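Enquirer: sequence below, structure please.
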Amino acid sequence: MGRLKPRIKIRKPRRKLGARPYRNHTTEMLELAVESVANKKVTSRDAEKKFGIPRRTIINKVKSFHIKAVGSPTRLTQTEEDRLINLLIASADFGSPLTKLNLRIIVHNYLNKNGRDDIFNGKLPGDKWVTSFLSRHSEKLTIRATQAPILSHERPVIHIPEPATQEEELQTVAKFLQHFYSF
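Expert: Model (predicted):
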């Protein structure tokens, strides 16, 4: 038998040998160069020689050109992703971690309720979207199917009073699910 292929392939751009150098500096170095040029401590040419950053890059940052992130924008806004992260962490803290499929269903329902179902063509977000979402937020979420935040590894003990009747139990579950899916 041959090698097993991974189920999901995520594109990782690779530079070709001999290609032009691109971003051979850290963000901190760029911030220092921009700050020193903006405060007129050094000229852009001197900063280019001192920090090894192209002069036009420094000037563009000083003049606030090209301030957006490189690449395609994310499907959800940053605030929506932050709220989703908080929801995933809260459900894990509650003792009911979510799977990748649950995450996809929650995002799909959220977009449908807000009239933005065209983002994923009216379908569930794909496995690649979930994988890239988890890798974007790997400092807050584990890759293990969003099942727990990094800091807590044991399940919390939650004492829920036993419902008197089956109807009360159904109402409790319905309230939880209604709150859960309306994040």
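Enquirer: run the chain-centre distance for stretch 118-134.
Expert: Offset of stretch 118-134 from its chain centre (CA atoms, centre = their mean, to the nearest Å): 12 Å.
Enquirer: endpoints of that stretch, how far apart?
Expert: Stretch 118-134 stretches 22 Å from its first residue to its last (CA to CA, to the nearest Å).
Enquirer: okay, buried residues for it please.
Expert: By 16 or more other CB atoms under 10 Å, the buried positions in stretch 118-134 come out as 120, 124, 125, 129, 130, 131, 132, 133, 134. Yep, even glycine has a C-beta here, placed from its N, CA and C like the rest.
Enquirer: could you do stretch 75-85 as well?
Expert: With burial defined by 16+ other CB under 10 Å, the residues of stretch 75-85 counted as buried are 75, 76, 80, 81, 84, 85.
Enquirer: closest one of those to residue 167?
Expert: Checking the buried residues of stretch 75-85 against residue 167 with CB to CB, the nearest one is residue 84 at 32.0 Å.
Enquirer: among the buried residues of stretch 75-85, which lie within strands?
Expert: The strands, defined by DSSP state E, take in nothing from those.
Enquirer: these in helices, which ones?
Expert: 80, 81, 84, 85 (DSSP state H).
Enquirer: could you export the buried residues of stretch 118-134 as CSV, including pLDDT?
Expert: Output for the buried residues of stretch 118-134, formatted as CSV (pLDDT from 0 to 100):
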residue, pLDDT
120, 91
124, 93
125, 94
129, 93
130, 92
131, 89
132, 90
133, 92
134, 90
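Enquirer: farthest-apart pair in these, please.
Expert: With CB to CB as the measure, no two of these lie farther apart than 120 and 134, at 16.7 Å.
Enquirer: what's the closest of the ones in helices among the buried residues of stretch 75-85 to residue 30?
Expert: residue 81 (25.0 Å).
Enquirer: which residues touch residue 126?
Expert: Residue 126 makes contacts with 104, 120, as judged by CB atoms under 8 Å, 6 or more residues apart in numbering.
Enquirer: next one: it from residue 117, what distance?
Expert: 15 Å (CB to CB, to the nearest Å).
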